[in-house]
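Student: What would the 3D arrangement of this be:
(one chain, ligands or ions: 3)
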Amino acid sequence: MEALVLTGTKELNVKDIDRPEVLPNEVLVHTAFAGICGTDHALYAGLPGSADAVPPIVLGHENSGVVAEVGDAVTNVKVGDRVTVDPNIYCGQCKYCRTGRPELCENLSAVGVTRDGGFEEYFTAPASVVYPIPDNVSLKSASVVEPISCAVHGIKLLKLSPYQKALVIGDGFMGELFVQILQAYGIHQVDLAGIVDEKLAMNKSQFGVKNTFNTNNGDQIPAEEYDVVIEAVGMPQTQEEAIASAARGAQVLMFGVGGPDATFEMNTYEIFQKQLTIQGSFINPNSFEDSLALLSSGKLNVEALMSHELDYKTVDDFVNGKLGVVSKAVVKVGGEEA
Ligand SMILES: NC(=O)c1ccc[n+]([C@@H]2O[C@H](COP(=O)([O-])OP(=O)(O)OC[C@H]3O[C@@H](n4cnc5c(N)ncnc54)[C@H](O)[C@@H]3O)[C@@H](O)[C@H]2O)c1
Ligand SMILES: [Zn+2]
Ligand SMILES: [Zn+2]
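Tutor: Ligands and ions are numbered 1, 2, ... in the order given. Reported below is the predicted structural model:
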């Protein structure tokens, strides 16, 4: 079968490899779509994602497809089911897994990171991480349930209430997801700060954003204004903006991923005086069901945010930054039946 294999640092090659064997507790998925994100950029460049990827490996931690085969012990899905796979596999035995915080697992493995993922015609996953897709959700939308569920996990770490005014900093795909999810969770006003005028305008006209700020064009984000601030860029400048725009009693979700050695400036008195909650967020535990429900209920429109549909050959252009402004790129892997 055909697969896009990461054969070394910054080396992607389309190869003919064997279809994987299916263990008793595993599901074989005929891939339909695989989403591609910043984590794939990092893994391609030899940096870690949620875990280290050791070549040769097939990336593709965001995916959807149709069940082609199930192992003898599998009961939750059957051949022909449309599914999406939560890439993260927790050990269930470490301190973190056994205290209800599996995302912090000491032995995390992941489909598309530590084992072969969706950039190939067929891939396997343990049945425990395979989720059927509701009939009214497309395979294309379902391929991004993993990033949706990262945002949902972040949202679930906050205490939300309709009166709150929220600011999302970052007009990438994750920021745009937060715009929609915050409203689905009942927040009455969501503002958006970014650097791409077209995206800011689209989120205002189509997705309920009230005020937008293009901080590259000199727009000022109001200081001490927001009860909830989502930082979805990961740069010191935007992290500082997040703290500055937080009102008294605010919760600041630091969702963006900074460089391993990056730091930002923070006035410690401000944390005390505003009684700030600064919350980190790592991956997506127990959030696939919520994400699928948001898609099925129509509260989330993700296809409108997908700017590029690629094939294997253009993935290289994506990871090399040759595609211009990308909101979300998905790779169409499977044929018509997928
Ligand atoms: N915590 C998690 O579990 C998790 C999961 C997925 C992604 N992330 C992180 O979330 C961040 C956003 O991811 P993404 O896929 O949306 O985007 P991306 O990483 O593809 O690109 C960054 C986005 O930030 C915007 N941006 C750049 N500078 C900005 C500025 N000064 N102000 C506002 N916006 C600016 C750009 O328009 C771009 O769209 C990344 O850091 C990513 O690593 C975290
Ligand atoms: Zn991803
Ligand atoms: Zn564990």
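Student: which secondary element of the protein has the worst mean pLDDT?
Tutor: helix 312-319 (a mean of 83; mean pLDDT, DSSP states H and E).
Student: residues making contact with it?
Tutor: Under the criterion C-beta atoms under 8 Å, 6 or more residues apart in numbering, residues 2, 4, 12, 14, 36, 40-41, 44, 119, 308, 310, 323, 326, 329, 331, 333 lie in contact with helix 312-319. In short, each C-beta sits where N, CA and C put it, glycine included.
Student: At the geometric centre of the chain, which residue do we find?
Tutor: Ranked by distance to the mean C-alpha position of the chain (C-alpha atoms, centre = their mean), the top residue is Pro147 at 1.8 Å.
Student: Could you verify my assumption that that residue touches His61?
Tutor: No: using C-beta atoms under 8 Å, Pro147 and His61 do not qualify as a contacting pair, with a distance of 9.5 Å.
Student: Tell me which residues touch Ile169, please.
Tutor: Contacts here follow C-beta under 8 Å, 6+ apart; on that basis Ile169 touches 175, 193-194, 221, 229-233, 238, 241-242, 245.
Student: Keep only those of the residues you listed that are in strands.
Tutor: Using DSSP state E to define strands, the subset of the contacts of Ile169 located there is 193-194, 229-231.
Student: Now do stretch 198-214: distance from first to last residue.
Tutor: 10 Å (C-alpha to C-alpha, to the nearest Å).
Student: In it, which residues are buried?
Tutor: 199-200, 202-204, 207, 209, 211-214 (16 or more other C-beta atoms under 10 Å).
Student: taking those residues one by one, which sit in helices?
Tutor: When helices are assigned by DSSP state H, the members of these inside them are 199-200, 202-204.
Student: which one of those is nearest ligand 1?
Tutor: Closest to ligand 1 out of these is Lys199 (7.0 Å), distances taken as C-beta to the nearest ligand atom.
Student: Distance to ligand 3 for the buried residues of stretch 198-214 - can I get that in JSON lines?
Tutor: Supplementary listing: these in JSON lines, determined by distance: C-beta to the ion, whole Å:
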{"residue": "Lys199", "distance to ligand 3": "38"}
{"residue": "Leu200", "distance to ligand 3": "40"}
{"residue": "Met202", "distance to ligand 3": "40"}
{"residue": "Asn203", "distance to ligand 3": "37"}
{"residue": "Lys204", "distance to ligand 3": "42"}
{"residue": "Phe207", "distance to ligand 3": "37"}
{"residue": "Val209", "distance to ligand 3": "38"}
{"residue": "Asn211", "distance to ligand 3": "42"}
{"residue": "Thr212", "distance to ligand 3": "41"}
{"residue": "Phe213", "distance to ligand 3": "40"}
{"residue": "Asn214", "distance to ligand 3": "42"}
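Student: in the stretch 151-300 of the chain, which spans are helices?
Tutor: Taking DSSP state H, counting those that start in this stretch, the helices of the stretch 151-300 of the chain run over residues 173-184, 197-206, 236-245, 268-274, 288-296.
Student: Much appreciated, bye for now.
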